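Asks: Predicted model, plus sequence, below.
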Amino acid sequence: MENRFHMEFSAVSENESFARLCISAFLLPCDPTVNDMTDIKTAVSEAVTNAIIHGYEGVENGIVTLDARLEKNILHIKVSDTGKGIANIEEARKPLFTTGSDRERSGMGFTVMEAFTDKMAVESEVGKGTTVTMQKRLKCYG
Ligand SMILES: Nc1ncnc2c1ncn2[C@@H]1O[C@H](COP(=O)(O)OP(=O)(O)OP(=O)(O)O)[C@@H](O)[C@H]1O
Ligand SMILES: [Mg+2]
C-alpha cells in the first residue's frame, strides 16, 4: 500500500508541534514501534525547526512544506523552505556546528536527523532555500 500527504504551513514556532502531530497521525495506521515513532517525530521536528528559525531568520510570512510518503514500510520525508539557504552544507552537517546565537542551539539537529533515519540528504542554495530528505524503514505491525 502507498499513502502520502503534502502540507504547507506558516514558519512560526507553534507549527513545530503541529508538524510533529501530523506525521504521528499519518503513521498510526501502520502501528509503528514506539522507537520508530519517536525517531521520526524527532527528525521531522529538527528539520521543521531549522526551516523556521534558520531558513526564515528575520523573514515574515515564510512557508514550510512537509511531504511524507509511506510505501509499504519505507517512509520518505521531505521538509523544504524557500528561505536563505546554506552556503556550506558539509560544514552545517557537522556535529556541534551552529550559526545560532541563542544558547538553545547546540548544532546537533542534522546529526540527530542522520542518526534517527536510514538516509538523510540536504540540498540548498543560498537565497533560494533548503530541502532535507529522509528515509526510514519502519517496523510496522499494522
Ligand atoms: N533550513 C535551513 N536554512 C538555513 N540554514 C540552515 C537550515 N538548516 C540548518 N541550517 C544551518 O545549519 C546549521 C546547523 O543546523 P543544526 O540543526 O545541525 O544545528 P542548529 O539548528 O544550529 O542547533 P540545534 O538543531 O541543535 O538546535 C544551523 O546553525 C544553520 O546555520
Ligand atoms: Mg537545528
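Replies: Looks like it arrived, so ask away. Ligands and ions are numbered 1, 2, ... in the order given.
Asks: Next, please give the residue ranges for the helices of the protein.
Replies: Assigned by DSSP state H, the helices in the chain fall at 14-27, 34-50, 89-92, 109-116.
Asks: could I get those as TSV with mean neighbour count and mean pLDDT?
Replies: Every C-beta, even on glycine, is put in place using the N, C-alpha and C of the backbone. What follows is the helices of the chain, written out as TSV (neighbours: other Cβ atoms under 10 Å; pLDDT from 0 to 100):
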stretch	mean neighbour count	mean pLDDT
helix 14-27	16	97
helix 34-50	20	97
helix 89-92	13	98
helix 109-116	19	98
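Asks: so which of those gets nearest ligand 2?
Replies: Shortest distance between ligand 2 and the helices of the chain, using Cβ to the ion, is found for helix 109-116: 2.6 Å.
Asks: would you turn the helices of the chain into TSV with distance to residue 75?
Replies: Output for the helices of the chain, formatted as TSV (distance: least, Cβ to Cβ, whole Å):
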stretch	distance to residue 75
helix 14-27	7
helix 34-50	7
helix 89-92	23
helix 109-116	12
